[in-house]
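# Sequence first, predicted model second:
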Amino acid sequence: MEPKFKWVTNRMPKSEDKNLQVMSLENVAKARAFHQSFPQYSVTPLADLAGMASRLGLGGLYVKDESYRFGLNAFKVLGGSFAMARYIAEETGRDVADCDFDYLTSDQLEHDFGHATFFTATDGNHGRGVAWAAHRLHQNAVVHMPKGSTKTRFDNIAKEGAKVTIEELNYDDCVRLAAKEAEQTEHGVIVQDTAWEGYTKIPSWIMQGYGTMAAEAADQLRQLEVNRPTHVFVQAGVGSLASSMVGFFTNLFPSDPPKFVIMEAGAADCLYQGAVAADGSPRIVGGDLQTIMAGLACGEPNTIGWDILRNHADAFVSCPDWVSSKGMRMLAVPVKGDPAVTSGESGAVGMGVVSTLMTDPAYAELREALELGPDSQVLLFSTEGDTDPVRYRQIVWDGAWQSGNVAEWALGPTWTGGDASRL
């Protein structure tokens, strides 16, 4: 019997909501203009799963497919690249509008700014995005990965020219290591999508960078004659992506925002735990944070993001791994006539939650609380493609992680490394 996912509606007291303006339409427009200056830029597809929507009893179901983003198979580069541009703009006394791709790759930048070393911690996609952007902008990058990281994700970062290590630490401790090293390095900068006391500027820029994805999706929905999504389901690690999407759509539809559902891996459900406590204070989840949803394996919330979510999220969901694996299979083999979406473990949890929510009587109370039904227009974000191709095939082809019992699957040796830079 598979374990149920856990959920709670938002009963937290509201704050002053000072951080909502981080995701103002003006800030997101600046980020989008910056990304459009890259020669690699194109709008990623929005899959219209009309057949799936009909089958599940929804009015519409739309999946933003980030496997096409800049050829990197994930959305994360949007945040790291824009944060670098904002940082360089500030250091050179420019407006970010004047720091487009052409300027950032010019000889003039060499004269105005020189070189910095951008440090980051990652489960894979964020580090690859930072390394890719640093490489394109002729900057340096150092990337630390937590134990259990796969060799495929390590190699994808290393081939962008970054110095990469896999540490015997969990994700949150890797963040602390990267921050410490940046502090000790001349012209060292920590580029992390989580905020803490004294470190809020760069995380807010990263969130604005993610806003490009939301702005594209809003335009694409209008082209499908959907003026406003009624529901937005978005996954969360530290909560930067989730609060970015929630913040953008709340600012876009201030008088009638969509209902927002925040989904986490059960092994790292710090936002859900905060919502259960319901006192408005964030909670921290420690330990190894073992889940197939590597991109969501974060136990300490982004303080800016938490503030937006406590004010505007409608429900929080804590998901066992089978929820994501189910979503991966459904997106890979959808209803006939619908486009297939190659969605990785951290990308497909929304499909798993929505399909279970609409078909399993055990979740009727949440379904009713969210007013999900035939008039609902639901937006999901597939934030990554098959970033770990071996595991993707184990799940989609071989049926791994159908239940809570992972031991039955022969996964082969796990490459955890130590300082893997020598490989």
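Received it, and whenever you're ready, just let me know what you need.
# Just to be sure, Met263 is in a helix?
No. Read with DSSP: H, G, I helix; E, B strand; the rest coil, Met263 is strand and lies in no helix.
# For it, give the beta-bridge partners.
As for beta bridges, Met263 partners with Gln235, Val317 under DSSP bridges.
# need the contact list for the closest residue to Tyr171 other than its chain neighbours.
Once flanking residues are discounted, Tyr171 sits nearest to Pro146: 4.5 Å by C-beta to C-beta, 6 or more residues apart in numbering. In this view, the C-beta of every residue, glycine as well, is placed from N, C-alpha and C. With contacts defined as C-beta atoms under 8 Å, 6 or more residues apart in numbering, the neighbours of Pro146 are 121, 123, 166-167, 169-171, 173-174, 297.
# Among those residues, show me the least confident.
Taking these together, the minimum pLDDT is found at Asp123 (86).
# List phi and psi for the nearest residue to it once chain neighbours are set aside.
Leaving out its chain neighbours, the residue that sits closest to Asp123 by C-beta to C-beta, 6+ apart is Ala294, at 4.3 Å. In terms of degrees, to the nearest 10, the main-chain angles of Ala294 are phi -60, psi -40.
# Can you get me a residue count around Ala294?
29 (other C-beta atoms under 10 Å).
# Quick check, it in contact with Ser324.
No. Ala294 is beyond contact range of Ser324, at 10.5 Å (criterion: C-beta atoms under 8 Å).
# How about residues contacting stretch 12-24?
27, 204, 207-208, 211, 243-244, 246-248, 250-251, 274-275, 278-280, 304-305, 307-308, 310-312.
# again with stretch 249-261
20, 23-25, 214, 218, 228-234, 245-246, 308-309, 312-317, 353, 370-371, 379.
# follow-up on the earlier one: filter the contacts of Pro146 to the buried ones?
121, 123, 166-167, 169-171, 173-174, 297 (16 or more other C-beta atoms under 10 Å).
# got a markdown table for those residues, with secondary structure too?
As requested, those are exported to a markdown table (three-state DSSP):
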| residue | secondary structure |
| --- | --- |
| Ala121 | strand |
| Asp123 | coil |
| Ile166 | strand |
| Glu167 | coil |
| Leu169 | coil |
| Asn170 | coil |
| Tyr171 | helix |
| Asp173 | helix |
| Cys174 | helix |
| Ala297 | coil |
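# any chance of those in TSV, with distance to Asp386 too?
TSV is the format used below for those (distance: C-beta to C-beta, whole Å):
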residue	distance to Asp386
Ala121	23
Asp123	15
Ile166	20
Glu167	25
Leu169	26
Asn170	24
Tyr171	21
Asp173	28
Cys174	24
Ala297	18
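# of those residues, closest to Gly188?
Checking those against Gly188 by C-beta to C-beta gives Ala121 as the nearest, at 13.9 Å.
# Could you check how far that closest one is from Asp107?
Distance, Ala121 to Asp107, using C-beta to C-beta, to the nearest Å: 32 Å.
# Correct me if wrong, but Asp338 is in a strand.
No. Secondary structure assignment (three-state DSSP) places Asp338 in coil, not in a strand.
# Distance-wise, check it relative to Trp397.
Taken as C-beta to C-beta, the span from Asp338 to Trp397 is 20 Å.
# Those two: who's more crowded?
More neighbours surround Asp338 than the other of Asp338 and Trp397, with 21 against 10 (other C-beta under 10 Å).
# which stretches of the stretch 301-423 of the chain have low pLDDT?
403-423 (pLDDT under 70).
# could you point out where the stretch 1-150 of the chain is predicted with low confidence?
1.
# the strands in it, which residues?
Listed in chain order, the strands of the stretch 1-150 of the chain (DSSP state E, counting those that start in this stretch) span 6-9, 46-48, 60-65, 117-121, 140-145.
# Tell me which of these lies nearest to Asp100.
Going by C-beta to C-beta, the one of the strands of the stretch 1-150 of the chain nearest Asp100 is strand 117-121, 18.6 Å.
# Can you verify my assumption that Met245 contacts Ala236?
No. Met245 lies out of contact with Ala236 (C-beta under 8 Å); the separation is 9.7 Å.
# What is the nearest of the buried ones among the contacts of Pro146 to Tyr68?
Asp123 (20.5 Å).
# Check the gap between the closest one and Val96 for me.
The gap separating Asp123 from Val96 is 28 Å, by C-beta to C-beta.
# any idea which helix is longest in this structure?
Secondary structure assigned by DSSP state H gives helix 201-223 as the longest helix of the chain.
# Next, the buried residues of that helix.
202-218, 220-221.
# what's the closest non-adjacent residue to Val226?
Closest to Val226 by C-beta to C-beta, 6+ apart is Gln377, at 5.0 Å.
# All good on my end, thank you.
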